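J.: Output the structure for:
(one chain, ligands or ions: 1)
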Amino acid sequence: MNHPQGERDLGEVSQARITGVDIRMINVPLGQPLETAAGVFPALPMVLVDLETDAGVTGCAYFSACFLPMMLKPIALLIDGLSEMIIGDRLAPAEIDQKLRRNMRLVGAKGPVASAMAVIEIATWDALAKHRQLPLCELLGGARQKTPIYQTIVSMDPQTAAEKAIESIEVGYGGVKCKLGQADPQADIALLTAVRAACGDGYPIMGDFNQALSVDEAEQRMESLDELNLTWVEEPTLADDFEGHARITEAARTPVSIGENWQGIADAQRSLSISASDLVMPDVIRMGGITAWLEAAHLADEAGVGVSSHGYSEICVHLLAVAARSQWLEHVDVLDEIFLDPIKPTNGVALPSPKPGVGISWNEDAIRRFLVKWR
Ligand SMILES: [Mg+2]
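T.: Numbering: from 1, shown residues only. Predicted coordinates for the structure are as follows:
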């Protein structure tokens, strides 16, 4: 991996101005419901953002972790309100981000507020990269490097998951992740055993407890996975219990990964400072955007910790191409339909789009079908 991060000033500025922000809400039905230890989701609500400029380029970004349709409208309204603050401003991601943070200081830039700010920051980076006619990774000082890509399997049924694992290998994924944390520990083992049998020894398999266990339970359940040779296991206990995760990480043989619920750089610092996990996987939206994600990746590098992505694969394939110690790009194919050219794995890896910007093009036919009216 190259290590260009930090060699480029992230305070990129353009004289182009932001002229408007178009916000759409969609609810994408899933052929296979998303099964997790925190609930089953039959559809994925998303907010799509198109940031318009007077330079003739449009910055695209999206928020796909609303989970409940009731969250769509609040998130869209937040993005709408924040957008009004930046109409007429220069296309400068750091300036925009600082302005929004200043304006929202008394409200508190956490949770959905932070997510709404992050979507705008990402759209600003996309527009700027398009304006410069560079793929995002090149604007960020890197090159179109490939990153190993794995598919997250959304079914907890052993046979369905094993079939999806075989399909994933055939399509070109370099690994698969299984959702764990079922009430009966043996159900997790049965799922992983079926997927291991389908994939063969040595094929990378990850697991994800989605915060389902107490620290004591997690220590026992991690031990029961020892023989399965997993690449990592995510969030065995509550995401913000860094001390608990440090205890689990210390005791477990299988590497532990957390970070998808870090809410900004202070969480990254606190988590890394006590070695809460062996590996990290910050979420670009929950971190607060591209600049904050890269900062977290830089902290992970300084701590000697490998970094992977969480969701948002079209965007994160650029960030992982830039980050030192980058490891795995997560992808779930359930949202592929809304993009004209979704991320495609080849021989276990994925490449950033060669197009200027992130490389997202909305599939307007699909979006029209999934559109949710909000005003
Ligand atoms: Mg996870």
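
J.: Going by C-alpha atoms from here, please, whenever you check contacts or count neighbours.
T.: Noted.

J.: SS state for Lys99?
T.: helix (DSSP: H, G, I helix; E, B strand; the rest coil).

J.: quick one: low-confidence parts of this protein?
T.: Residue ranges of the chain with pLDDT under 70: 1-9, 375.

J.: now the strands: where do they sit in it?
T.: Here the chain has its strands, by DSSP state E, at 14-36, 39-53, 58-63, 90-91, 147-153, 175-179, 205-208, 232-234, 256-258, 279-280, 306-307, 329-331, 349-350, 371-372.

J.: Name the residues that touch the fifth one?
T.: This means strand 147-153. The contact list for strand 147-153 (Cα atoms under 8 Å, 6 or more residues apart in numbering) reads 161, 164-165, 168, 173-179, 317, 320-321, 326-333, 345, 348-351.

J.: Now list the buried members of these.
T.: Buried subset of those (neighbour count, 16 or more other Cα atoms under 10 Å): 161, 164-165, 168, 173-179, 317, 320-321, 326-332, 345, 348-351.

J.: Only the buried residues of the longest helix anywhere in the chain, if you could.
T.: Counting by DSSP state H, the longest helix found in the chain is helix 111-132. Across helix 111-132, burial judged by 16+ other Cα under 10 Å covers 112-131.

J.: do stretch 19-28 as well
T.: So for stretch 19-28, counting by 16+ other Cα under 10 Å, buried means 19-21, 23-28.

J.: ok, now stretch 40-59?
T.: 41-53, 55, 57-59.

J.: Work out the gap between that stretch and the centre of the chain.
T.: 15 Å (Cα atoms, centre = their mean, to the nearest Å).

J.: Then stretch 59-68?
T.: 10 Å.

J.: nearest residue to Ser223 other than its sequence neighbours?
T.: To be clear, residue 223 is Glu; Ser isn't right here. Excluding the flanking residues, the one nearest Glu223 by Cα to Cα, 6 or more residues apart in numbering is Ala252, at 6.5 Å.

J.: Now for the one you found: which residues touch it?
T.: Ala252 sits next to 219, 222-223 when contact means Cα under 8 Å, 6+ apart.

J.: quick revisit: output the strands of the chain as CSV; include the columns distance to Met71.
T.: Formatted as CSV, the strands of the chain follow (distance: least, Cα to Cα, whole Å):
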stretch, distance to Met71
strand 14-36, 10
strand 39-53, 8
strand 58-63, 11
strand 90-91, 28
strand 147-153, 23
strand 175-179, 23
strand 205-208, 24
strand 232-234, 25
strand 256-258, 24
strand 279-280, 27
strand 306-307, 29
strand 329-331, 23
strand 349-350, 31
strand 371-372, 12
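
J.: So for Pro69, which of those strands sits nearest?
T.: strand 39-53 (5.6 Å; Cα to Cα).

J.: Let me know the angle separating that closest one from strand 14-36.
T.: 170 degrees (axes from the mean of the first three to the mean of the last three Cα atoms, to 10 degrees).

J.: what's near enough to touch Pro236?
T.: Going by Cα under 8 Å, 6+ apart, the list of residues near Pro236 reads 208-215, 218, 245.

J.: ok, and the most crowded of these?
T.: His245 (28 neighbours; other Cα atoms under 10 Å).

J.: Cross-check the contact I'm expecting between that one and Leu279.
T.: No: using Cα atoms under 8 Å as the test, His245 is too far from Leu279 to be in contact (11.6 Å).

J.: Which of the strands of the chain sits closest to Ala268?
T.: Here strand 279-280 is closest among the strands of the chain (Cα to Cα), at 9.0 Å.

J.: now that closest one, how far from the chain's geometric center?
T.: Mean-position distance between strand 279-280 and its chain equals 13 Å (Cα atoms, centre = their mean).

J.: try stretch 187-202
T.: Distance of stretch 187-202 from its chain centroid, counting by Cα atoms, centre = their mean, is 25 Å.

J.: could you dump that stretch to CSV, C-alpha only?
T.: Only the C-alpha atoms of stretch 187-202 are listed here, as CSV (Å, rounded to 0.1, in the frame of the first residue of the first chain):
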residue,chain,number,x,y,z
ALA,A,187,-26.9,-21.3,15.9
ASP,A,188,-23.9,-19.0,15.3
ILE,A,189,-21.6,-22.0,15.1
ALA,A,190,-24.0,-23.8,12.7
LEU,A,191,-24.1,-20.7,10.5
LEU,A,192,-20.3,-20.3,10.4
THR,A,193,-19.6,-24.0,10.0
ALA,A,194,-21.9,-24.1,6.9
VAL,A,195,-20.3,-21.0,5.4
ARG,A,196,-16.8,-22.4,6.2
ALA,A,197,-17.7,-25.7,4.5
ALA,A,198,-19.0,-23.7,1.5
CYS,A,199,-15.9,-21.5,1.2
GLY,A,200,-13.2,-24.0,2.1
ASP,A,201,-10.3,-23.7,4.6
GLY,A,202,-8.4,-20.5,4.3
